[in-house]
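Quick one, what's the 3D model for this:
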Amino acid sequence: MSGLQWLTLRVVEASTTHTVLGGAALPDAQGTPGWPEQRLRMAVEGGSDATWREAWCTDGPLRQGQAPGLQWRCGRDLLYGLIELDEPAPDAPERGKHLRERTREAYLRLFALLSDQGTPHLWRVWNFMADINRDEEGLERYRWFNLGRHDACSAVGAASAAQMPAASALGWARGPLSIAFLAGRVPPRPIENPRQVSAFHYPGDYGPRPPLFARAALAESGSGEWLFVSGTASIVGHRTVHPGDVVAQCEESARNVLAVLEQANRTTRTAGHRPEALTHRVYVRHAADFPVVRRALERCLGGAGLTLVQADICRPDLLVEVESVAHGRLLT
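Coordinates of the predicted model:
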């Protein structure tokens, strides 16, 4: 193994565990691995799969640590971490302000960890929270989250477009604020989508502070380069298009993924990342839409590597969101 590697594990073998930085699993996954693992507290297409895991692996010796709400594993050049902080009950007062403070706390802890371990550059972040679209004190919870993230990034000087990682932010019915992250010793190269306004420059219609993420990021590890495509939905410019039409939203999301891929290939140091090499995790607002979403995305993106899960998306009028990853060998 050289550098970072991504695996879908059906069986966690003893020979594998010492190479795993961290990853994700479905809610009924069996066992408790010895690495930070973000459990996706949501329904999956086809029902429960207790053997499915995603794992990010690396070569060389690993060190690890934990503190209340925080787990991490780190290699020479890479770190994977997971922060999960409980929130007040749904009927608690000032729950939005609590989410802002929890988010600020989580990201400050994240940045402190990355600095301490010598992996200061965020590559990819997966954010999950309960009731993402719910109004709290006149502001949607996703916008409270964006306030807290912006607070933390501003406090450590990381609130510039050039420093943005790829990221997703989704909602589940219940559970903690959960933030998984992959970081490295070298900075990624953020990629934007010419069909969309950079999220960093969204107008105030979308909240007091903008979402802080790049549409994609290219990151080099060992002899390879990773392309991380952020959560991508049916947005053109900064506006949602095709409200209420899940098939059209799938098609628009696919066009945006392919536009990001084209932009990434303008600066890649590989022979080029191909559409058929992308692996996708797809978030679907209504589980009843799984069949139609699969058919639409298989037609637009190909059928390999599509994992569909039910989740609330960061805008109430969005029905589907696609995140993607690809790997290529660096040219010599």
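
The spatially most central residue of the chain: what's it in contact with?
The centroid of the chain falls nearest to W126 when counting by C-alpha atoms, centre = their mean (3.1 Å). Residues near W126 by C-beta atoms under 8 Å, 6 or more residues apart in numbering: A24, Q38, A167, S168, S178, I179, A180, F181. No exception for glycine: its C-beta is placed from N, CA and C like everyone else's.

same deal with L113?
Counted by C-beta under 8 Å, 6+ apart, L113 has contacts L70, W72, L79, G81.

go on, T279?
Taking C-beta under 8 Å, 6+ apart, we find T279 in contact with W6, A304, G305, S324, V325, A326.

can you tell me which of those are in strands?
Those of those mapping onto strands are W6, S324, V325, A326, per DSSP state E.

List buried residues within the residues you listed.
The neighbour-count test (16 or more other C-beta atoms under 10 Å) marks S324, V325, A326 as buried among the ones in strands among the contacts of T279.

State the next helix or strand along the chain beyond the lowest-mean-pLDDT helix or strand in the chain.
Within the chain, no helix or strand scores below helix 14-17, which has a mean of 54 by mean pLDDT, DSSP states H and E. Using DSSP states H and E, the next helix or strand after helix 14-17 towards the C-terminus is strand 20-25.

Give the partner strands of the helix or strand just after that following strand in its sheet and their orientations.
The helix or strand immediately downstream of strand 20-25 is strand 37-39, counting by DSSP H and E. If you go by DSSP bridges, strand 37-39 pairs up with strand 20-25 (parallel).

Was I right to think P27 contacts Q38?
No - counting by C-beta atoms under 8 Å, Q38 is not a contact partner of P27; they are 10.8 Å apart.

More neighbours: those two, which one.
Just comparing P27 and Q38: by other C-beta atoms under 10 Å the higher neighbour count belongs to Q38, 22 against 16.

so that one touches G175, yeah?
No - the pair Q38 / G175 is not scored as a contact, 10.6 Å apart, by C-beta under 8 Å.

Spit out the residues that contact the two alike.
Joint contacts of Q38 and G175 (C-beta under 8 Å, 6+ apart) are F128.

Helices of the stretch 151-300 of the chain, start to end?
Using DSSP state H, counting those that start in this stretch, the helices found in the stretch 151-300 of the chain span residues 246-267, 290-301.

Pull the contacting residues for Q71.
Per C-beta under 8 Å, 6+ apart, neighbours of Q71: G22, W35, P36, Q64, G65, G81, L82.

So in terms of bridging, what pairs with it?
Judged by DSSP bridges, the bridge partners of Q71 are Q66, L82.

State the distance from it to L301.
For Q71, the distance to L301 (C-beta to C-beta, to the nearest Å) stands at 33 Å.

Could you dump the helices of the stretch 151-300 of the chain into TSV with mean neighbour count, distance to Y202 and mean pLDDT added?
Output for the helices of the stretch 151-300 of the chain, formatted as TSV (neighbours: other C-beta atoms under 10 Å; distance: least, C-beta to C-beta, whole Å; pLDDT from 0 to 100):
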stretch	mean neighbour count	distance to Y202	mean pLDDT
helix 246-267	20	15	98
helix 290-301	17	26	97
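
okay if I get those helices as JSON lines plus distance to M42?
Supplementary listing: the helices of the stretch 151-300 of the chain in JSON lines, determined by distance: least, C-beta to C-beta, whole Å:
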{"stretch": "helix 246-267", "distance to M42": "17"}
{"stretch": "helix 290-301", "distance to M42": "12"}
